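Novice: next input, structure requested:
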Amino acid sequence: MSSGWLTRGCVCGLRNWAVLRVRSSLKLELQEKAIEAQIAEKKAALVEEVYFAQGEHDEAIMSRLWLANEEQDKATERAKNMEMSLKVLGNINPEENDMTLPESLNRINNADTGRAILKNGAIIVGRTY
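Specialist: Numbering: from 1, shown residues only. Got it, this is the predicted structure:
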């Protein structure tokens, strides 16, 4: 009888040991999955942070490009205005430069085109500088 009891005890002990081993294995697997989930969560947060930073970077670049474009447009406009002034000044006759200020003002007053006004105004400006 005693050998039957020992055999049953050994079998039960082996079963308990097998159950404990399976539980331990499942616990380890569960811990590994939890760690993998944490890593994945950290990766996702990092990707989101990089994506957000890239968006801010893109906005800053677009803002700088827009500002540079605005500055270029203003510089182009100033260059056109300077060219126009040079053309007006280039069309001034040397004889007209001998006019007195009242004569120049009278010519501006009697001018019938914008070009004539610019031309005579440029004479006055040229004489004052």
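
Novice: please, where are all the helices along this structure?
Specialist: Taking DSSP state H to define them, one finds helices in the chain at 2-90, 101-110, 114-128.

Novice: reformat those as CSV; add mean pLDDT and mean neighbour count.
Specialist: C-beta: built from backbone N, CA, C; applies to glycine. Output for the helices of the chain, formatted as CSV (pLDDT from 0 to 100; neighbours: other Cβ atoms under 10 Å):
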stretch, mean pLDDT, mean neighbour count
helix 2-90, 85, 10
helix 101-110, 80, 13
helix 114-128, 78, 15
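
Novice: put the alpha carbons of stretch 46-61 into PDB.
Specialist: Provided in PDB are the C-alpha atoms of stretch 46-61 (Å, rounded to 0.1, in the frame of the first residue of the first chain):
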ATOM      1  CA  LEU A  46       8.300  59.200 -30.300                       C
ATOM      2  CA  VAL A  47       6.900  58.900 -33.900                       C
ATOM      3  CA  GLU A  48       4.100  61.300 -32.900                       C
ATOM      4  CA  GLU A  49       6.600  63.800 -31.400                       C
ATOM      5  CA  VAL A  50       8.800  63.600 -34.500                       C
ATOM      6  CA  TYR A  51       5.700  64.100 -36.800                       C
ATOM      7  CA  PHE A  52       4.600  67.100 -34.800                       C
ATOM      8  CA  ALA A  53       8.100  68.600 -34.800                       C
ATOM      9  CA  GLN A  54       8.300  68.100 -38.600                       C
ATOM     10  CA  GLY A  55       5.100  69.900 -39.000                       C
ATOM     11  CA  GLU A  56       6.400  72.900 -37.000                       C
ATOM     12  CA  HIS A  57       9.600  72.800 -39.000                       C
ATOM     13  CA  ASP A  58       7.600  72.800 -42.200                       C
ATOM     14  CA  GLU A  59       5.500  75.800 -41.000                       C
ATOM     15  CA  ALA A  60       8.700  77.700 -40.100                       C
ATOM     16  CA  ILE A  61      10.200  77.000 -43.500                       C
END
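
Novice: what distance separates that stretch from the middle of the whole chain?
Specialist: How far stretch 46-61 lies from its chain's middle: 9 Å, per Cα atoms, centre = their mean, to the nearest Å.

Novice: how about stretch 112-124?
Specialist: 46 Å.
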